[in-house]
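**Q** Sequence and computational prediction follow.
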2 protein chains.
Amino acid sequence: MATLADVARRAGVSPATASRVINGSSKPVADELRERVLKAVAELRYVPNAHAQLLARPQRSVVGVLVHDVSDPYFAEVTRGLQRVATERGRLVIICNSYRDPDREVEYVDLLRAQQVAAIVLAGSGYHDPTVNALLDERLAAYAATGGRVAVIGRHRHRGDAVLPANEEGARLLGAELRRLGHRTVGVLAGPRSLTTTSDRIAGLGAGLGEPLPEARIRYADFTRDGGSRAAAELLDATPGLTAIVALNDSMAVGALNLLRARGVRVPAQVSVVGFDDMPIAADVTPALTTVRLPLAELGARAMTLALEPAAGRDRVESLPAELVRRDSLGPAPA
Amino acid sequence: MATLADVARRAGVSPATASRVINGSSKPVADELRERVLKAVAELRYVPNAHAQLLARPQRSVVGVLVHDVSDPYFAEVTRGLQRVATERGRLVIICNSYRDPDREVEYVDLLRAQQVAAIVLAGSGYHDPTVNALLDERLAAYAATGGRVAVIGRHRHRGDAVLPANEEGARLLGAELRRLGHRTVGVLAGPRSLTTTSDRIAGLGAGLGEPLPEARIRYADFTRDGGSRAAAELLDATPGLTAIVALNDSMAVGALNLLRARGVRVPAQVSVVGFDDMPIAADVTPALTTVRLPLAELGARAMTLALEPAAGRDRVESLPAELVRRDSLGPAPA
DNA sequence: ACCGATCAGGCAAGGGCTTTCCCGGCGGCG
DNA sequence: CGCCGCCGGGAAAGCCCTTGCCTGATCGGT
């Protein structure tokens, strides 16, 4: 690997001069020397060692992003927004997947700290477990204390600027719509109990329906298609007179749709199904999914924007609205 | 930010000893000193500066991954495989999105080089443009020349170990199946012309059908749902007697399906539709999509494995098979 | 009781880059 | 004609960490 010294030697100048040419220092360099340096750079295919640079000039230009799983469409979309802003601002992004393991999350925070990243963006639902939260908080605090910037998406209870999707409000909208259409016996396909997203959405749904949801009508499973399918089967078997199934994300809703089709249940004539998040797939299944749109990319973009701004006096909190998207999978309750 | 010197001072030892305690050197340290150091580390929330570490001990532990766009399900899946192996091996992954811009790709290679990454994995279709390829190749060569490892996924014409999806073979399978079912007037929804993936799949398809595809039956567009929808509309309008549409990826196929539904064309009774890649969505649309499964996560996993192994004498090439997945969207050609 | 072997700990040399400070040479001004 | 100020270039310190080498001390053997 060619070093700056190699370049300088080849160009017949000092490393100082070479450095100044290469990263356009304010200090002027004679044209001839500049030429010679650039020539040497090209010939040696020199690329400065980023670690050495960062050590010498602690100008932090990379941002760490911590998500549950990039290949999940939810995070893919959030990440898209994050990346867009980061790219506009000339920042490199390191993406880490915690795979929903809180311990791994803490590890990654330390790892990003070690990388001297300019900011850490934490995306995705938080956990209920107070031990976990305390541990994570402590690490984030240590990071923030040394000037690191922290932004969180959809996690109310952490330090740092926060961007919140209107989980509760969106679910309320959904609940109100179900009620308007006469649904009284509603079942819920919920994500893992440990996630705050799950409980927020359940709470909002109850509020919209006008009555709290009996625990017996909630089935907890993974936020996946298969999770949705299994949970829907259980719910159906256990609940006579069920007229609507609310899946707490679209993947689960798609799983439910598949199960109902396999069982020959007509949607929405016999049972309505609604989802959450408005992933691209929601529009493409049959019947097209009624769901709640969350501006995911926008969420990411806002979070990155906050993360790249200097810290405000106190933690900022922004909330982005949810919107009901009416499609075909929700109809009036059968008589 | 606390430094090693701070820790050492607080523990009343030399930085050397502190360092040895912290990263478990083989050199023994007395229990009492070790305790003191660990205590200081905890109290100061010390995390070693990764850049300084990398400078001092050039043990390269991060791997760069360059994809077109992580939020595209194709790359999401490939990335999942890459990450799995990287995590198993204790490597950190930096993901960069080129957004299909070849220039940005070159930039990112340099950036990863600057980061002293242990390996670079290039995923996604290559380009036809020889200028672009030459530039990229030159940069990769410079990297490889200094001991960097390079692995590419689905790009035949680059240096470095390669893992290739059976694009051509998969398309051939598809073509043969269409032919068997009596389809003679087949249209193609192709991705961008500049990508080798597009041409490989077209070539395979022609081979399977038993006759080369007339250019008039190919429509080039983006590898997206909307691209597929638009291209399908054009194709349908321009081709009387069309009995089957081959989309060169599943997103385009879904777009086509939507368009056909909107126009009241029955699938597969009137027109068959097939996709490519077997994305998760393929099973969830109606009718479920007949498509070609590419082991995408496996592709990523193999590429990462190769990248993390020491270089072989010459570039290795592995090919992973494609498999025809029969679902409902392909039927016999109408009489 | 002495010598050599063994062991734990510290010193200091990098690793590649940036940047401050300094120096020599030039031009302009008095 | 002499001095000052300015300007372009280089020497060197420092960023934070690891590790080879050395030293002082302890211990065992004779």
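**A** Received the coordinates, thanks. Numbers count the residues shown, from 1 in each chain, chains lettered A, B, ... in the order given.
**Q** Going by C-alpha atoms from here, please, whenever you check contacts or count neighbours.
**A** Fine.
**Q** tell me the contacts of A:Thr198?
**A** A:Ala190, A:Gly191, A:Pro192, A:Leu248 (C-alpha atoms under 8 Å, 6 or more residues apart in numbering or on different chains).
**Q** That one is in what secondary structure piece?
**A** Taking DSSP states H and E as the criterion, A:Thr198 maps to helix A:196-209.
**Q** Could you do A:Arg20 as well?
**A** helix A:15-22.
**Q** Provide the contact partners of that helix at residue level.
**A** By C-alpha under 8 Å, 6+ apart, helix A:15-22 touches A:Leu4, A:Ala5, A:Val7, A:Ala8, A:Arg9, A:Ser25, A:Ser26, A:Lys27, A:Val29, A:Arg34, A:Val37, A:Leu38.
**Q** Keep only those of these that are also close to DNA strand C.
**A** A:Leu4, A:Ala5, A:Ser25 (C-alpha under 7 Å from any atom of the strand).
**Q** Quick check: the first one touching A:Pro48?
**A** Yes: counting by C-alpha atoms under 8 Å, A:Pro48 is a contact partner of A:Leu4 at 7.0 Å.
**Q** Could I get the full set of strands for chain A?
**A** A:62-67, A:92-97, A:119-123, A:149-153, A:161-165, A:186-190, A:218-220, A:244-247, A:272-274, A:291-293, A:317-320, A:323-325 (DSSP state E).
**Q** Closest to the centroid, which residue in chain A?
**A** A:Ala123 (3.9 Å; C-alpha atoms, centre = their mean).
**Q** That residue contacts A:Val152, doesn't it?
**A** Yes: with contacts counted by C-alpha under 8 Å, A:Ala123 reaches A:Val152, the gap being 5.8 Å.
**Q** Highest neighbour count among the contacts of A:Thr198?
**A** A:Leu248 (29 neighbours; other C-alpha atoms under 10 Å in any protein chain shown).
**Q** Do I have it right that that residue meets A:Arg193?
**A** No: with contacts counted by C-alpha under 8 Å, A:Leu248 stays clear of A:Arg193, the gap being 11.8 Å.
**Q** how many neighbours does A:Ser237 have?
**A** Heads up, residue A:237 is Asp, not Ser. 9.
**Q** Any quick PyMOL command for the buried ones out of the contacts of helix A:15-22?
**A** Typed into PyMOL, the line below selects the buried ones among the contacts of helix A:15-22, using 16 or more other C-alpha atoms under 10 Å in any protein chain shown:
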select buried, chain A and resi 4+7+8+34+37+38
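**Q** Let me see the contact set for A:Tyr143.
**A** A:Arg113, A:Arg149.
**Q** try A:Arg230
**A** Applying C-alpha under 8 Å, 6+ apart, the residues contacting A:Arg230 are A:Gly255, A:Ala256.
**Q** roughly how far apart are it and DNA strand C?
**A** In this view, A:Arg230 and DNA strand C are 54 Å apart by C-alpha to the nearest atom of the strand, to the nearest Å.
**Q** Point me to the residue of the stretch 151-300 of chain A nearest DNA strand C.
**A** A:Ala151 (26.9 Å; C-alpha to the nearest atom of the strand).
**Q** That residue and A:Thr305 touch, don't they?
**A** No: look at A:Ala151 against A:Thr305 with C-alpha under 8 Å: they stay out of range, at 9.2 Å.
**Q** who's more crowded, the two?
**A** A:Ala151 (28 against 16).
**Q** Tell me what that one is bridged to.
**A** Listed beta-bridge partners, A:Ala151: A:Val121, A:Asp161 (assigned using DSSP bridges).
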